[in-house]
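Novice: Below are the sequence and a predicted model; questions follow.
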Amino acid sequence: MSNKDAGSGGVQSVDRAVTILEIIARTGLAGITEIAGELGVHKSTASRIVSTLEARGLVEQDHHRGRYRLGLSILRLAGATTARLDIVQEARPITKMLAEATGETINVAVLSDGAALYLDQASSTSSVQSHNWVGQRIPLHATSNGKVLLSGLSEAGIRETLGAKLTRYTPHTVTSVAQLLTQIAEVAATGFSLVIDELEVGLTAVSAPVRNAHGDVIASISASGPSFRFTEDKVASAKDLLTSAAADISARLGWREH
């Protein structure tokens, strides 16, 4: 069998596995015969895929009926998405108020695959519509959101997440890991991050951490806009508004400051 054929077979198996999960989700309980019929495959093929799903906890057998239902591992996977949806739901009314109060764009980001992933964005009605960052990933080391998200990790975790090389985006981008670690320690101590012209010349952003009930940094909320508008007074005002808003969102998610 060629590599191409093997790859095609692997994709087909994944597609069948997902279809099985959808069948069981729709019916509540499903037997091998029923599953094989819907897939259009032999019962031995359906049984083999179901056995793999069962080994991973994605389905489990009802031993009284001999049929299968969704397993508890589905809840773990769904929980990861639910947690992010909770952040957006709790943050959205606050981000809208922040956008009007600052006149700038407000973003909510989380750590995802070595980058900051934007979950939500709010813009002031008085400002020119900014670029929609929702769903996009940005580098951690060159952004205020990224540095806030990194502040929740250990030094070993930071090094592992960043990798060996820090890309330079502008003359102001920090590319020294040692210097970045110093900045992240300061972010952890002060509770906010200010980044000027590091990702893009002319762009300034201020961010603060959002925490869960255990006090872990699970998201970052930021105000960003043209650097010429972010005077020293505006940076100070944005910092105060953001740290207060982040604490409010964190409290909604169960965090209590001791």
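Specialist: Okay, I see it. Since we're looking at a predicted model, the values are computed, not measured. Numbering: from 1, shown residues only.
Novice: Do I have it right that residue 138 meets residue 144?
Specialist: No. Checked against C-beta atoms under 8 Å, the pair residue 138 and residue 144 is beyond contact range at 10.3 Å. All C-beta spots, glycine's among them, are computed from the backbone N, C-alpha and C.
Novice: And the two? Which one has more around it.
Specialist: Neighbour totals were compared for residue 138 and residue 144, and residue 144 leads with 28 against 16 (other C-beta atoms under 10 Å).
Novice: Contact partners for the more buried one?
Specialist: Listed by C-beta atoms under 8 Å, 6 or more residues apart in numbering, the contact set of residue 144 reads 193-195, 205-207, 220, 222, 224.
Novice: from those residues, which is closest to residue 69?
Specialist: residue 220 (38.2 Å; C-beta to C-beta).
Novice: how near is the closest one to residue 181?
Specialist: Applying C-beta to C-beta, to the nearest Å, the value for residue 220 to residue 181 is 18 Å.
Novice: which one of the two has more residues nearby?
Specialist: Neighbours were tallied for residue 220 and for residue 181 using other C-beta under 10 Å; the higher tally belongs to residue 220 (32 against 16).
Novice: is that one in a bridge, and if so with what?
Specialist: On the basis of DSSP bridges, residue 220 takes part in beta bridges with residue 109, residue 209.
Novice: For residue 34, grab the count of nearby residues.
Specialist: Count around residue 34 with other C-beta under 10 Å applied: 16.
Novice: pretty sure it is in a strand, no?
Specialist: No. Applying DSSP: H, G, I helix; E, B strand; the rest coil, one finds residue 34 to be helix, outside a strand.
Novice: where does it land on pLDDT?
Specialist: Listed pLDDT for residue 34 reads 92.
Novice: cool, and residue 111?
Specialist: 89.
Novice: Understood, closing this out.
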